[in-house]
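Peer 1: Based on what follows, work out the 3D shape:
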Amino acid sequence: MPSYRVYFIDRTNHTTRPSEVIECTNDQEAAQMGKQLADGGDMELWHGARFVMRLPHRENKPSQKTALRRPWRDVPMSEDMEFQFRGGNPKKWHSGKIRLEGRLVTATAPDGRTKSAQSGGSNHEAVARLLLLELEREKSE
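Peer 2: A predicted model of the protein is given here:
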């Protein structure tokens, strides 16, 4: 029977205690057993060197800011969200839609133009801001 490891993670993505080894027949069974070990924080489930999934301590959907700051492997595929921020030169409000697919960040301007780029890890928010600013610059040229 394959063995899985459950790591207990805090808000800063550091382990909070030693990992636990569980024996399960597949990923789904391991996820169920991992949820039973919940101690109030997030958990990561690993099968050897293969990352299986992150088990959040709460089931509700994270806010836009939280979603944009999650490590890329924790971002649900095809997650769409409205995005608005104040920045640029001169500082003013910018808005658009952001789609996260793993490390790929796709920004859509209000007029429908899109631009994509790879995020370096947990920096989706900065990539989203730059893409929307580039789309706005291209429109004004």
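
Peer 1: how's this protein carved up into domains?
Peer 2: 3-55, 64-140 (automatic domain parsing).

Peer 1: tell me which helix or strand of the protein sits lowest on mean pLDDT?
Peer 2: helix 64-69 (a mean of 50; mean pLDDT, DSSP states H and E).

Peer 1: Give the ranges of residues in this protein that sit below the confidence cut-off.
Peer 2: Across the chain, the ranges flagged by pLDDT under 70 are 39-40, 57-80, 83-91, 102, 120-123.

Peer 1: And the helices in this structure?
Peer 2: All helices of the chain, identified by DSSP state H, fall at 27-36, 64-69, 124-140.

Peer 1: Point out the most buried one among those helices.
Peer 2: helix 124-140 (a mean of 17; mean count of other CB atoms under 10 Å). Any C-beta I mention is one placed from the backbone N, CA and C, and that applies to glycine too.
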